[in-house]
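1. I'll drop the sequence and a predicted model, then ask my questions.
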Amino acid sequence: MLRPLTAAAAFAALSVSAIAAEPTVTVELNKLEPNGSACRAYLMLRNGAGTAFDSLKLDLVLLDTDGIVANRLAVETAPLTAGKTSLKVFDFADQPCGEVGRVLLNDVLTCQDNNGPRQDCLNVVWPTSLGSVDFIK
């Protein structure tokens, strides 16, 4: 008989391995740097979804260090070739980088692969962060 803690730990491990095995587009917030009065963001995208994307528009929200919404931006990250890693660079206007506490992947506004529009893209896109600013969904 399994103890509840052991069963919960086994379920958690199974869930994590199932998520890792599912094809995804990883969007890594690689770094933020000042660019005049803007904050320049570098996103590293790794397309492991098994299909190319003609459109993948992300709704990004910057939260300040107190967790208050500071800025919002829609970013087109496609085209994304299947199995390829690419870099996208964009600026959050009038946003000092030092005031960014977290970045939220709020939604996937447009998502189209070789077969046409997809409805499951928020589940396919996985945000990560390499630096000190968390990238969450």
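-> Everything's here; your move. Numbers count the residues shown, from 1 in each chain.

2. so what's Ala41 bridging to?
-> Beta-bridge pairing of Ala41 under DSSP bridges involves Leu32, Phe90.

3. Roughly how far does it sit from Asp120?
-> 25 Å (Cβ to Cβ, to the nearest Å). Every C-beta, even on glycine, is put in place using the N, C-alpha and C of the backbone.

4. And for Thr85?
-> Following Cβ to Cβ, the distance that separates Thr85 from Asp120 is 22 Å.

5. count of residues packed around the nearest residue to Asp94 once chain neighbours are set aside?
-> Nearest residue to Asp94 in three dimensions, chain neighbours excluded: Ser37, at 5.3 Å (Cβ to Cβ, 6 or more residues apart in numbering). Ser37: 10 surrounding residues under other Cβ atoms under 10 Å.

6. Let's see the pLDDT reported for Ser37.
-> On pLDDT, Ser37 comes in at 95.

7. ditto for Pro23
-> Looking at Pro23, the pLDDT reads 77.

8. before we move on, what about Asn115?
-> 89.

9. any weak-confidence spans in the protein?
-> 1-22 (pLDDT under 70).

10. The longest strand seen in it pairs with which strands, and in what direction?
-> Criterion DSSP state E: the longest strand present in the chain is strand 100-113. Looking at strand 100-113 with DSSP bridges, its partner strands are strand 53-64 (antiparallel), strand 116-117 (antiparallel), strand 134-136 (parallel).

11. Having no further points to raise, I will conclude here.
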